[in-house]
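J.: Based on what follows, work out the 3D shape:
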Amino acid sequence: MNERHEQEKKQFRKLLAQEGVDELDKRFQVLESFLKSENHETCRDISARLEHEGISLGAGFLAETMELLCRFGFAQKLKFDDGPPRYEHRHLGFHHDHMVCTKCGTIIEFRDEALERQQVNLAAAYGFHMLQHKMEIYGICADCLEKRSLLVPLSRTKQGEFLVIKGFEGGKNAQMRLISMGLRIGDTIEVVSTQAGGQLVIALGESRFVIGQGLAQKVMVERGSDRHPSLAFQGRGDSGTVQAPQEIIPLSRMRQGQEGVVVRVAGETRLRRRILEMGINRGATVYVEKYAPLKDPIELIVKGYHVSMRVEEAAQISVEGVKTVKNP
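T.: Sure, this is the predicted structure:
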């Protein structure tokens with residue numbers, strides 16, 4: 001038997017007896033069952049194991065006992081996403097964090113000393129005295145990653161995923177509707193939330209769209225890199241420190257033969273919508289093909305499309321990472 005668990009059983013009897021807690025023997029049975037598993041247990045899990053051992057306790061009594069275990073420091077109550085409360089052992093002097101698979105529900109415990117030190121240093125940098133903390137990382141576990149297809153309908157994706165649009169299915173009306181929203185093949189989108197009835201809220205750059213289940217089934221997307229797009233704006237030099245942000249300029253200041261990455265689209269609503277419908281949104285690469293003889297309009301290449309734009313419109317688009325390239 002685990003020596004630590006034996007010590008905790010002795011402390012449990014002593015503390016609860018001192019506090020005059022009733023039905024101590026039955027509550028001790030709950031503790032024993034709880035200590036038999038290293039998983040993150042629900043009350044239903046513990047009840048099923050007790051029933052298997054021929055011990056029948058009411059749901060209310062069991063929930064009350066688990067709250068006592070938390071109160072006296074023998075268990076810790078966890079609430080992952082929208083699932084039922086779960087309990088894990090609280091061993092004194094030991095801390096860990098969690099990764100939660102949103103597909104199969106697997107919970108992985110981890111501890112990283114470098115990360116723990118970084119959190120302490122970060123708190124100190126802000127003059128903050130940290131008492132406790134927890135980290136929960138939500139994503140897809142290795143087993144689920146192996147089983148899933150890379151190319152799927154948008155309707156089958158999960159909240160928090162970043163995806164690349166690979167194609168549109170269905171009739172011409174559906175395709176035109178998607179294109180009129182500003183969605184283009186090659187765009188990277190984020191699934192912001194999934195709602196009752198199958199609706200999805202997605203983000204393309206700084207714009208949000210609500211797409212119904214039927215339309216979402218016609219958008220084929222690819223699950224790409226694990227690298228979060230927000231990290232794409234952070235570079236690291238040889239020293240390991242974050243590099244300074246790149247200079248951001250209006251697109252109208254770019255010269256012929258240069259390309260840059262869009263970071264912001266401004267302007268009044270109608271103009272901004274028109275620009276987004278051209279496929280010019282945050283993260284898109286824009287190449288200046290040429291200027292008209294009088295420097296207006298500008299001829300651009302965006303995602304393989306040739307686009308003509310007035311200079312005053314181009315001034316509403318902010319870009320970074322501007323460089324000269326031989327071919328777009």
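J.: Quick test: name the residue nearest the centre of this protein.
T.: What sits nearest the mean C-alpha location of the chain, by C-alpha atoms, centre = their mean, is residue 160, with 4.1 Å.
J.: surely it meets residue 138?
T.: Yes - contact criterion C-beta atoms under 8 Å: residue 160 and residue 138 qualify, at 6.4 Å. Every residue, glycine included, has its C-beta placed from N, CA and C.
J.: and for these two, which residues touch both?
T.: Common neighbours of residue 160 and residue 138, using C-beta atoms under 8 Å, 6 or more residues apart in numbering, are residue 102.
J.: Now do the helix or strand containing residue 87, average pLDDT.
T.: In this assignment (DSSP states H and E), residue 87 forms part of strand 86-89. Averaged across strand 86-89, the pLDDT comes to 82.
J.: Give me the contacts around that strand.
T.: Counting by C-beta under 8 Å, 6+ apart, 34-35, 38, 40-43, 46, 66, 69-70, 74-80, 107 sit against strand 86-89.
J.: So which of those sit within helices?
T.: Among the contacts of strand 86-89, DSSP state H puts 34, 35, 43, 46, 66, 69, 70 in helices.
J.: quick one: least confident helix or strand in this structure?
T.: When the helices and strands of the chain are scored by mean pLDDT, DSSP states H and E, helix 142-147 comes last with a mean of 73.
J.: So which other helices or strands are in contact with the following helix or strand past that one?
T.: Remark: after helix 142-147, the chain's next helix or strand is strand 151-153, criterion DSSP H and E. Counting contacts by 3 or more C-beta pairs under 8 Å, 6 or more residues apart in numbering; DSSP states H and E, strand 151-153 packs against strand 219-223.
J.: contacting residues around the helix or strand following the strand it packs on?
T.: Per DSSP H and E, the first helix or strand lying C-terminal to strand 219-223 is strand 248-250. Outside strand 248-250, the residues that touch it by C-beta under 8 Å, 6+ apart are 260, 263, 264, 314, 315, 316, 317, 318, 319, 320, 322.
J.: Check the contact between the third one and residue 318; I expect there is one.
T.: Yes - at 4.1 Å, residue 264 and residue 318 qualify as touching, with contact defined as C-beta under 8 Å.
J.: Show me the helices in the stretch 201-328 of the chain, by range?
T.: 213-216, 269-277, 311-314 (DSSP state H, counting those that start in this stretch).
J.: residue ranges with poor pLDDT in the stretch 51-200 of the chain?
T.: Residue ranges of the stretch 51-200 of the chain with pLDDT under 70: 81-82, 91-95, 146-149, 196.
J.: Show me the strands in it, by range?
T.: Using DSSP state E, counting those that start in this stretch, the strands found in the stretch 51-200 of the chain span residues 75-78, 86-89, 97-101, 107-110, 136-139, 151-153, 162-168, 188-194, 200-204.
J.: What sits closest to residue 155 if chain neighbours are left out?
T.: Leaving aside its sequence neighbours, residue 155 sits nearest to residue 216 (C-beta to C-beta, 6 or more residues apart in numbering; 3.9 Å).
J.: whoops, I mixed them up, residue 55
T.: Spatial nearest neighbour of residue 55, excluding adjacent residues (C-beta to C-beta, 6+ apart): residue 29 at 5.7 Å.
J.: How about the contacts made by the one you found?
T.: 50, 55, 57.
J.: That one sits in which helix or strand?
T.: Element membership of residue 29, judged by DSSP H and E, is helix 24-35.
J.: Just checking the distance from that helix to the centre of its chain.
T.: Taking C-alpha atoms, centre = their mean, to the nearest Å, the mean C-alpha location of helix 24-35 is offset from the chain mean by 38 Å.
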